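Chemist: Provided below for reference: sequence and predicted model.
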Amino acid sequence: MNFDFSPDQLQLKEEVRKVLADLSSSAKIRKVLEAGLPLDRHLWATLGELGFLAAAIPEAYGGTGAGYLELCVIAEELGRALAPVPFASSICLGAELILAAGTEPQKARYLPLLASGKSIACLAMAEGPGRLGPQAVATCAEEGVLSGSKWPVLDGECADVAIVAARSGAGAGLALFIVELDAPGVTRAALESLDPTRGQARIDFRGAHAELLTADGWPVLQSALDRAAVLAAFEQIGGAERALEMARDYALERYAFGRPIGSFQAIKHKLADMYVSVVLARSNCYYGAWAMAHGAVELPEAAAAARVSATQAFRQCAAENIQIHGGMGFTWEMDCHLYYRRAHLLGVSLGGLAQWQDRLIEQLTDRRDRRAHLEIDPHGL
């Protein structure tokens, strides 16, 4: 059996890589970083014009209707190039939530704009660092009026619309609302970020108009987070693999004591460990991609496994890349720190590693309990 992407998907991968090699080079990333910009708007517009942002959006709403596997391919290349664009926030979360829970008028209004890159969406859920669960949400929306604060919001500085998690009253369950961020009652402030090419913001809602997306917010949001976790994992392995290549190339080019440093056992061990972590993460990502593309019941487990392994792989490869480069790796002139920054930002963008480890344990425990039940009562009576 062939578990790799199809020839068409691999061709798409090459096309995306060619575009990013020109528009998301190290020099252009540094211009965005040094200028303090929240994203590269020219790159974002180009990705929209080429249809890359529309891969998983149905044709009826301005998309190409390609599918999730194509979106995984694109995410991996964006991660490899460290593209300074809000792909995860706008497409993997914003568009997915609207597509999953929105009304027909909402889909018709927002999805074509997101697919073309003419509008940017973000998810506003956290109300402080590490506070991502539904129990931590205190923001309220009563009679279409939203009050509360969300931070940090990834890409919140450049977004045009936010999907906001809030409660519709005291003791009410979690609901999701759509809020136009240029409307009265909304204020934003940029926050310092480890990776300034992916800006974060604090968004305050003081009597802002909110349009209900779904009253049954948490199941919809959890399902979207699982899909986003798979896509983020592909973005992470793209970055991890590139960091591995940088370390390997430097180890072959750099000489010490008359021989390449890659010939020393300590460097060999580091490179081997990096390679193993990337291969294991890729295997888990492929499992997640399959589960997502087929709507399989294994998606929560597969997403957590992909997220955990990819987070560990990217962090390890980014850190070891700096170590293999030695003292040069810590300098501003080298690109190693760009991957290190992105590795740690992506590692917390959808919840930290511990949160996804807990979710993986929970899913594995549930599967064990189901199997034990079937062994006791094979007919499920």
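Modeler: On my side now, so go ahead.
Chemist: check contacts around the residue nearest the centre of the chain.
Modeler: The centroid of the chain falls nearest to residue 232 when counting by Cα atoms, centre = their mean (3.4 Å). With contacts taken as Cβ atoms under 8 Å, 6 or more residues apart in numbering, residue 232 has the following neighbours: 75, 88, 92, 307, 310, 346, 349, 350. No exception for glycine: its C-beta is placed from N, CA and C like everyone else's.
Chemist: in those, find the pair that's most separated.
Modeler: Comparing all pairs in these by Cβ to Cβ, the longest separation belongs to 92 and 310, at 14.0 Å.
Chemist: comparing the two, which residue is more hemmed in?
Modeler: Relative neighbour count places residue 310 above the other of residue 92 and residue 310, with 33 against 26, counting by other Cβ atoms under 10 Å.
Chemist: report the buried residues of the helix or strand that the more buried one is a member of.
Modeler: Here residue 310 sits within helix 299-325, counting by DSSP states H and E. Buried residues in helix 299-325, counted by 16 or more other Cβ atoms under 10 Å: 299-322, 324-325.
Chemist: got it, and stretch 108-117?
Modeler: Judged by neighbour count (16+ other Cβ under 10 Å), stretch 108-117 contains these buried residues: 109, 110, 111, 112, 113, 114, 115, 116, 117.
Chemist: what is the mean pLDDT for stretch 125-139?
Modeler: Stretch 125-139 shows a mean pLDDT of 82 in the predicted model.
Chemist: touching it from outside, list them.
Modeler: Contacts to stretch 125-139, defined as Cβ under 8 Å, 6+ apart, come from residues 146-153, 164-167, 174, 205, 217-218, 221, 351-352, 355.
Chemist: which member of the contacts of residue 232 is positioned nearest residue 265?
Modeler: Using Cβ to Cβ, residue 310 comes nearest to residue 265 of those, at 27.9 Å.
Chemist: check contacts around that closest one.
Modeler: Contacts of residue 310 were listed using Cβ under 8 Å, 6+ apart, and they are 232, 233, 234, 236, 237, 240, 281, 284, 285.
Chemist: CSV for these, including distance to residue 29, secondary structure and pLDDT?
Modeler: Compiled in CSV, the contacts of residue 310 are given as follows (distance: Cβ to Cβ, whole Å; DSSP: H, G, I helix; E, B strand; the rest coil; pLDDT from 0 to 100):
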residue, distance to residue 29, secondary structure, pLDDT
232, 19, helix, 98
233, 22, helix, 98
234, 19, helix, 98
236, 17, helix, 98
237, 19, helix, 98
240, 17, helix, 98
281, 23, helix, 98
284, 28, helix, 98
285, 24, helix, 98
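Chemist: name the member of those residues with the most neighbours.
Modeler: residue 233 (35 neighbours).
Chemist: from residue 349, how far off is that one?
Modeler: 12 Å (Cβ to Cβ, to the nearest Å).
Chemist: before we move on, what about residue 93?
Modeler: Plainly put, residue 93 is 10 Å away from residue 349 if you go by Cβ to Cβ.
Chemist: the more surrounded of the two?
Modeler: Taking other Cβ under 10 Å, residue 93 and residue 349 do not tie; residue 93 has more neighbours (28 against 23).
Chemist: and the pLDDT at the more buried one?
Modeler: With respect to pLDDT, residue 93 scores 98.
Chemist: partners of the closest residue to residue 180 other than its chain neighbours in the sheet?
Modeler: The shortest distance from residue 180 to any residue that is not its chain neighbour, by Cβ to Cβ, 6 or more residues apart in numbering, is 5.7 Å, and that residue is residue 161. Residues found in beta-bridge contact with residue 161 (criterion: DSSP bridges) are residue 121, residue 180.
Chemist: much appreciated, bye for now.
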